[in-house]
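Asks: just need the structure, nothing else, for what follows:
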Amino acid sequence: MTRRLRRNHNGGPPLDDYEGPPWGKGDAFLYLCWEAARKKAWKAPSPQVMLMRLERAERIGLTYEEYTLEILERGRHLQPEDAGRIAEIKAARKRRRRA
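Replies: Prediction:
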């Protein structure tokens, strides 16, 4: 007997029936280290830092999110001299809009 799925259901398995630990079958220590690092990286910065990043992002033509993600991923603040990398980010933005 097949059950009738709701209209907004994708037909996949339920996601909330997992009974094990949140780190799955992997190493609990590694999971906890990554979780702590993720929380620390995405913790909201002070208002002054946010305004500084927003101003720099607008100056080079990026959004606040794009600029902040570049800092988190690459560990460097983009400058107008980084025209190649800025162009790559803008091209990726256009590709995401089309998809």
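Asks: now residue 48: how far from residue 54?
Replies: 11 Å (C-beta to C-beta, to the nearest Å). All C-beta atoms are positioned from the backbone trio N, CA, C, and that covers glycine.
Asks: could you say which helix or strand contains residue 79?
Replies: Per DSSP states H and E: residue 79 is located in neither a helix nor a strand.
Asks: swap in residue 24?
Replies: With DSSP H and E as the test, residue 24 turns up in no helix or strand.
Asks: over to it: give its phi and psi.
Replies: phi 70, psi -140 (degrees, to the nearest 10).
Asks: higher neighbour count, residue 48 and residue 54?
Replies: Each of residue 48 and residue 54 has its neighbours counted (other C-beta atoms under 10 Å); residue 54 has more, 14 against 8.
Asks: contacts for the helix or strand harbouring the more buried one?
Replies: Using DSSP H and E, residue 54 falls within helix 47-60. For helix 47-60, the external contacting residues (C-beta atoms under 8 Å, 6 or more residues apart in numbering) are 44-45, 63-64, 66-68, 71, 77-80, 82, 86.
Asks: and if we set it to 10 Å?
Replies: Applying C-beta atoms under 10 Å, 6 or more residues apart in numbering, the external contacts of helix 47-60 come out as 44-46, 62-68, 70-71, 77-83, 85-86, 89-90.
Asks: quick one: name whatever helix or strand follows that helix.
Replies: As the chain continues past helix 47-60, the following element, by DSSP H and E, is helix 64-74.
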